[in-house]
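Student: predicted model and sequence below, questions to follow.
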Amino acid sequence: MVEKQRALAYVGEMNAPALKPSERVRKPDWIRVKAPTSPGYAETRKLMRDLSLNTVCEEAACPNIGECWTKKHATVMILGDTCTRACAFCNVKTGMPRPVDPLEPEHVALAAAKMGLTHIVITSVDRDDLPDGGASQFVKVIQALRRETPSTTIEILTPDFRNKPESAVAAIVDARPDVYNHNLETVPRLYPTIRPGARYYASLRLLEQVKRRDPSIFTKSGIMLGLGEERMEVHQVMDDMRSADIDFMTMGQYLQPTPKHAKVIDFVTPQAFDAYAQIARAKGFLQVASSPLTRSSYHAGDDFERMRAAREAQLARAAAG
Ligand code: SF4
């Protein structure tokens with residue numbers, strides 16, 4: 001713990017002292033968010049219910065739901081509401097999922113069209129029970145979106161497809177989402193306790209496979225901070241992500257969804273998140289999002305535009321010699 005305090009003091013070197021022990025369990029002010037009450041929030045909720053769609057915003061008890069849904073940004077969770085894994089940080093229920101809904105791709109496309117989305121984020125539960133891990137449903141959703149709302153840019157946030165044939169991921173890549181996201185979630189040392197069903201290097205390899213198969217697709221990955229990771233471990237994850245040619249890194253504060261889930265070890269200060277962002281940018285990511293309330297899909301549309309502009313500027317510089 002002393003090591004951790006030292007690391008936080010170093011990372012948050014811009015006048016951000018490490019938190020006192022008494023501040024470690026209570027949610028700090030920078031985490032508090034307003035209760036969702038706006039008409040936009042109610043409309044988004046109704047649309048999702050009418051189309052029988054699940055959202056990770058609700059299932060993961062995301063703190064940004066009031067802000068995002070008011071702006072009609074929601075992250076649709078396909079392949080049901082029941083996950084075949086039981087990660088220690090995740091609030092989505094675990095069990096034997098129901099059969100895949102054949103109407104889901106059309107419903108997702110309809111929701112995107114009705115909400116007038118310029119950018120949509122699609123994620124899913126893990127479906128280790130399906131031979132392709134649910135990859136073909138991702139493909140159908142992408143195809144339905146391209147058909148119904150062709151100007152919407154598509155970001156997918158997928159499971160790791162561990163122990164599934166390589167062709168599962170290849171099929172998704174060939175459907176050409178604009179952004180392929182898969183979260184590493186935490187540093188490798190914490191995988192056995194936080195993400196026991198997954199393997200750090202398998203997740204990295206997945207993102208590398210995506211980039212190798214289609215370099216035009218932006219790749220994205222993120223980790224949660226506050227689970228007991230050390231500063232140098234976070235830097236190592238950044239280096240690993242860059243060596244897999246990942247374009248966009250996100251970092252956000254882990255929040256314990258219920259007392260049964262993994263405990264918060266530290267509330268990382270906003271200044272420390274800024275310092276991590278500076279380091280990540282120096283390591284060459286096209287885009288970095290790092291703040292206590294950052295989630296993979298938070299401000300995803302705006303960040304996508306910034307990332308696209310950054311790539312264009314990079315290509316222009318390269319062309320100019
Ligand atoms: S940050 Fe993502 S998961 Fe959270 S409410 Fe916004 S869109 Fe939903």
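Tutor: Arrived safely, thanks for sending. Numbers count the residues shown, from 1 in each chain.
Student: mind exporting the longest helix seen in the chain as CSV, just the C-alpha atoms?
Tutor: Once the chain is assigned using DSSP state H, the helix that runs over the most residues is helix 300-320. Taking C-alpha atoms only, helix 300-320 is exported to CSV below (Å, rounded to 0.1, in the frame of the first residue of the first chain):
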residue,chain,number,x,y,z
ALA,A,300,-17.0,7.6,-28.1
GLY,A,301,-18.3,9.5,-31.1
ASP,A,302,-16.3,12.7,-30.4
ASP,A,303,-13.2,10.7,-29.6
PHE,A,304,-13.7,8.7,-32.9
GLU,A,305,-13.7,12.0,-34.8
ARG,A,306,-10.6,13.2,-33.0
MET,A,307,-8.8,9.9,-33.7
ARG,A,308,-9.8,10.0,-37.4
ALA,A,309,-8.4,13.6,-37.6
ALA,A,310,-5.2,12.5,-35.9
ARG,A,311,-4.7,9.7,-38.4
GLU,A,312,-5.3,12.0,-41.3
ALA,A,313,-2.8,14.5,-39.9
GLN,A,314,-0.2,11.7,-39.4
LEU,A,315,-0.7,10.5,-43.0
ALA,A,316,-0.4,14.0,-44.3
ARG,A,317,2.9,14.5,-42.4
ALA,A,318,4.2,11.2,-43.7
ALA,A,319,3.3,12.2,-47.3
ALA,A,320,5.0,15.6,-46.9
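Student: any idea how far Lys71 is from the ligand?
Tutor: Distance, Lys71 to the ligand, using C-beta to the nearest ligand atom, to the nearest Å: 9 Å. (Glycine included, C-beta is placed from N, CA and C.)
Student: any idea of the pLDDT on that residue?
Tutor: pLDDT for Lys71: 87.
Student: now stretch 110-126: buried residues?
Tutor: Residues of stretch 110-126 classed as buried by neighbour count (16 or more other C-beta atoms under 10 Å): 110-112, 115, 117, 119-126.
Student: just give me the closest of those to the ligand.
Tutor: Checking the buried residues of stretch 110-126 against the ligand by C-beta to the nearest ligand atom gives Val121 as the nearest, at 6.4 Å.
Student: show me what that closest one bridges to in the sheet.
Tutor: Thr75, Glu155 (DSSP bridges).
Student: just checking, it touches Tyr298?
Tutor: No: using C-beta atoms under 8 Å, Val121 makes no contact with Tyr298, being 9.6 Å away.
Student: check whether stretch 180-194 comes near the ligand.
Tutor: No: between stretch 180-194 and the ligand, judged by C-beta under 6 Å from any ligand atom, nothing touches; the nearest distance is 11.3 Å.
Student: and that stretch, how far apart are its ends?
Tutor: End-to-end distance of stretch 180-194 (C-alpha to C-alpha, to the nearest Å): 23 Å.
Student: got a list of contacts for stretch 306-318?
Tutor: 179, 218, 247-248, 286-287 (C-beta atoms under 8 Å, 6 or more residues apart in numbering).
Student: 10 Å - rerun?
Tutor: 153, 178-179, 216, 218, 220, 247-248, 285-289, 299 (C-beta atoms under 10 Å, 6 or more residues apart in numbering).
Student: quick one: Val288 is in a strand?
Tutor: Yes: assessed with DSSP: H, G, I helix; E, B strand; the rest coil, Val288 lies in a strand.
Student: what's the neighbour count on it?
Tutor: 22 (other C-beta atoms under 10 Å).
Student: sorry, back to before: now the buried members of the contacts of stretch 306-318.
Tutor: For the contacts of stretch 306-318, buried by 16+ other C-beta under 10 Å: 153, 178-179, 218, 220, 247-248, 285-289, 299.
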